[in-house]
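**Student:** I would like to see how this sequence folds:
(chains A, B, C and D)
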Number of protein chains: 4
Amino acid sequence: MSGFEPRDPDWEQRVRASIARQAFMTMLGAEIAHLAPGAVDLALPFRRELTQQHGFFHAGTTTTLADSAAGYAALSLYPKGTGVLTTEFKLNLLNPGKGERLIARGRVIKPGRTLTICRGDVYGIEGERETHVATGLFSMICLEGLDD
Amino acid sequence: MSGFEPRDPDWEQRVRASIARQAFMTMLGAEIAHLAPGAVDLALPFRRELTQQHGFFHAGTTTTLADSAAGYAALSLYPKGTGVLTTEFKLNLLNPGKGERLIARGRVIKPGRTLTICRGDVYGIEGERETHVATGLFSMICLEGLDD
Amino acid sequence: MSGFEPRDPDWEQRVRASIARQAFMTMLGAEIAHLAPGAVDLALPFRRELTQQHGFFHAGTTTTLADSAAGYAALSLYPKGTGVLTTEFKLNLLNPGKGERLIARGRVIKPGRTLTICRGDVYGIEGERETHVATGLFSMICLEGLDD
Amino acid sequence: MSGFEPRDPDWEQRVRASIARQAFMTMLGAEIAHLAPGAVDLALPFRRELTQQHGFFHAGTTTTLADSAAGYAALSLYPKGTGVLTTEFKLNLLNPGKGERLIARGRVIKPGRTLTICRGDVYGIEGERETHVATGLFSMICLEGLDD
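**Tutor:** As a prediction, this is how the structure comes out:
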């Protein structure tokens, strides 16, 4: 889950530029917390607009953050001139989405020419305390001619 | 997938009130399109804020809509004084999220005292044309003392 | 989920030959119950060797049958000179695996050049009665040069 | 993923007895490789009967082993007088099932009164070499009055 060699020397700038183009990530208020080849962390500060009916982070926000962290972990290993799409994923919601902010950690499990399989874990952060909010598996497809 | 008997005579009012309390659904602009026992459709009109880097509906919006439609389909069959939480789900993204609006159709496959299993399908609507954007399976848990 | 056009005129013979080469399917005692382009049903008669600790069909047999029915539904639409591999799947177990036999129905939801997405449903058959044992979603990849 | 406290002092004997009652595990030839509270490893030596059409371990055997390892990892933490059932799972198949034997490692991620969430990973062993064959997530339900 580490020691991956990026195939595009400009991988970091490319990942940052693609995240910046995601209007929905801006709307949510998501921020980059960590970038390395095959490993991307995204953070999401709490706001009332992001909640479900019990006042916790909506599962939709948890999922969006996990999916994006996993997708950009995959993209960080892609060659130039290709783009990333999620083809499928599965998420187990382990604890309510509580905290000052969520952090999603996307990690490549197995890179591939066509499919890259990633793990995505989301934690709720409250001071020093981390709660495991969700864990998931993601299949990312590498598409030629889709410039991310 | 039809002919379910609601256990709470006020199920419809309860589902509407719970959706209204979801700040995140309001932020997205989601609307109720259809309500029946065990079957809930939600619609989401296109806005640029909801897009990913290629200008389509972000997979996070597709997922949020599908999860909410499935969750409220389950809640429509729950007894009074209980609430619904998604414990896990899986989504296959079949086509890009294109269209004037998305519609998510949540349907109960198997109701249960503890777990209710639902299907959720999302379509992109463009005039008369429907594209199948995503299909998923959802496990919903019924929690006592969590009033939805 | 119907009306698919096979790209290999010999699809049926090819599917039958590939199933016959699966030693594990023979070991289980699985049989072909229905073959059409994009739709394959497999049946598995009950035997004590196939059970888990409570005397029902083991979830492993349910899964094997569903995965194989879905995989062959995909293969029935593949061009000559290609093979099928499951890249991932998800299964919800709805009811105990009871009955004289299981029947798994694999159906293509969305065919594709690289990935074909299928549904797989398993039923327990007891006389006239069908119980819905499991429902799942499967991603099948089409591999060139892997002759099935 | 470690340091779990078993609630039944006889957990080990109970897990061994339940595995012994699974006729299908005996038919496959599965063996216990490691037992600890919340962590169960099962091994499966290669035999031609267990293969798919290309001569590798059939995905059904990989899945059965992963599901059983995960299920018994959950059962090892259950109180006396309860039993375990898989309610759903998802598996990503990462590499072909090659090797002298498969080993499945089931680990509890989050124990719960009703649902216990587990990870299951399968490796193909060839001499000193381990290949990551599959990774999955499993939801196990704890049932009262179902004595495992």
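**Student:** From here on, just use CA atoms for contacts and neighbour counts.
**Tutor:** Noted.
**Student:** what helix or strand is A:Thr26 on?
**Tutor:** Counting by DSSP states H and E, the element that carries A:Thr26 is helix A:23-28.
**Student:** what about that helix, distance to the chain center?
**Tutor:** Distance of helix A:23-28 from the chain centroid (C-alpha atoms, centre = their mean, to the nearest Å) equals 13 Å.
**Student:** Also stretch A:115-124?
**Tutor:** 7 Å.
**Student:** From the rest of the structure, what touches it?
**Tutor:** A:62, A:65-67, A:69-71, A:73-74, A:97-111, A:130-142, D:92, D:94 (C-alpha atoms under 8 Å, 6 or more residues apart in numbering or on different chains).
**Student:** Same check on stretch A:126-139?
**Tutor:** With C-alpha under 8 Å, 6+ apart as the criterion, stretch A:126-139 contacts A:62, A:66-67, A:70, A:86-101, A:115-125, D:92, D:136-137.
**Student:** Now, these that are in helices?
**Tutor:** Judged by DSSP state H, helices contain the following of the contacts of stretch A:126-139: A:62, A:66-67, A:70.
**Student:** any residues touching stretch A:59-71, and which ones?
**Tutor:** With C-alpha under 8 Å, 6+ apart as the contact definition, stretch A:59-71 has outside contacts at A:28, A:30, A:39-44, A:50, A:52, A:84-86, A:89, A:91, A:97, A:102-108, A:118-122, A:134, A:136, A:138, A:140, B:59-61, B:63-64, B:67, B:86.
**Student:** Could you list which of the residues you listed belong to strands?
**Tutor:** Counting by DSSP state E, the part of the contacts of stretch A:59-71 found in strands is A:39-44, A:84-86, A:89, A:91, A:102-108, A:118-122, A:134, A:136, A:138, A:140, B:86.
**Student:** Please list all residues in contact with the residue nearest to A:Leu75 when sequence neighbours are not counted.
**Tutor:** Nearest non-adjacent residue to A:Leu75, counting by C-alpha to C-alpha, 6 or more residues apart in numbering or on different chains: A:Val84, 6.0 Å away. A:Val84 makes contact with A:71-72, A:74-75, A:140-143, A:146, A:148, according to C-alpha under 8 Å, 6+ apart.
**Student:** per-residue confidence for A:Thr86?
**Tutor:** According to the prediction, A:Thr86 has pLDDT 96.
**Student:** Go ahead and confirm it touches A:Cys142.
**Tutor:** No. Using C-alpha atoms under 8 Å, A:Thr86 is not in contact with A:Cys142; the gap is 9.2 Å.
**Student:** Pick the one among the contacts of A:Val84 closest to chain D.
**Tutor:** Closest approach between these and chain D, by C-alpha to the nearest C-alpha: A:Met140, at 11.9 Å.
**Student:** hmm, who's touching the helix or strand A:Gln13 falls within?
**Tutor:** A:Gln13 belongs to helix A:11-21 when assigned by DSSP H and E. Residues from elsewhere that reach helix A:11-21, judged by C-alpha under 8 Å, 6+ apart: A:25-26, A:35-37, A:72, A:75-77, A:148, B:52-53.
**Student:** Using CSV, write down the CA coordinates of that helix.
**Tutor:** Below are the C-alpha coordinates for helix A:11-21, written out as CSV (Å, rounded to 0.1, in the frame of the first residue of the first chain):
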residue,chain,number,x,y,z
TRP,A,11,1.1,13.5,-11.0
GLU,A,12,0.7,15.9,-8.0
GLN,A,13,-0.1,19.0,-10.0
ARG,A,14,-2.6,17.0,-12.1
VAL,A,15,-4.4,15.6,-9.1
ARG,A,16,-4.6,19.1,-7.5
ALA,A,17,-5.9,20.6,-10.8
SER,A,18,-8.6,17.9,-11.2
ILE,A,19,-9.8,18.3,-7.6
ALA,A,20,-10.1,22.0,-8.2
ARG,A,21,-12.3,21.4,-11.2
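**Student:** Now that helix: buried residues?
**Tutor:** A:11-12, A:14-15, A:18-19, A:21 (16 or more other C-alpha atoms under 10 Å in any protein chain shown).
**Student:** repeat for stretch A:120-128
**Tutor:** If you call a residue buried by 16+ other C-alpha under 10 Å, then stretch A:120-128 has these buried ones: A:120-125.
**Student:** Report the residue spans of chain A with pLDDT below the cut-off.
**Tutor:** Along chain A, segments meeting pLDDT under 70 span A:1-2.
**Student:** at 50 what do you get?
**Tutor:** A:1 (pLDDT under 50).
**Student:** Identify the residue spatially nearest to the most centrally placed residue in chain A, adjacent ones excluded.
**Tutor:** Nearest to the mean C-alpha position of chain A, counting by C-alpha atoms, centre = their mean, stands A:Ala69 at 1.1 Å. Once flanking residues are discounted, A:Ala69 sits nearest to A:Gly106: 4.5 Å by C-alpha to C-alpha, 6+ apart.
**Student:** partner residues bridging the one you found?
**Tutor:** Beta-bridge partners of A:Gly106, counted by DSSP bridges, are A:Val40, A:Gly120.
**Student:** Do I have it right that it meets A:Pro37?
**Tutor:** No. Assessed by C-alpha under 8 Å, A:Gly106 is found out of contact with A:Pro37, at 10.8 Å.
**Student:** Could you tell me which residues touch both of the two?
**Tutor:** Common neighbours of A:Gly106 and A:Pro37 (C-alpha under 8 Å, 6+ apart) are A:Ala73.
**Student:** ok, those two, which is more surrounded?
**Tutor:** The neighbour comparison of A:Gly106 against A:Pro37 (other C-alpha atoms under 10 Å in any protein chain shown) goes to A:Gly106, with 31 against 23.
**Student:** who's in contact with that one?
**Tutor:** A:Gly106 neighbours (C-alpha under 8 Å, 6+ apart): A:38-41, A:66-73, A:118-121.
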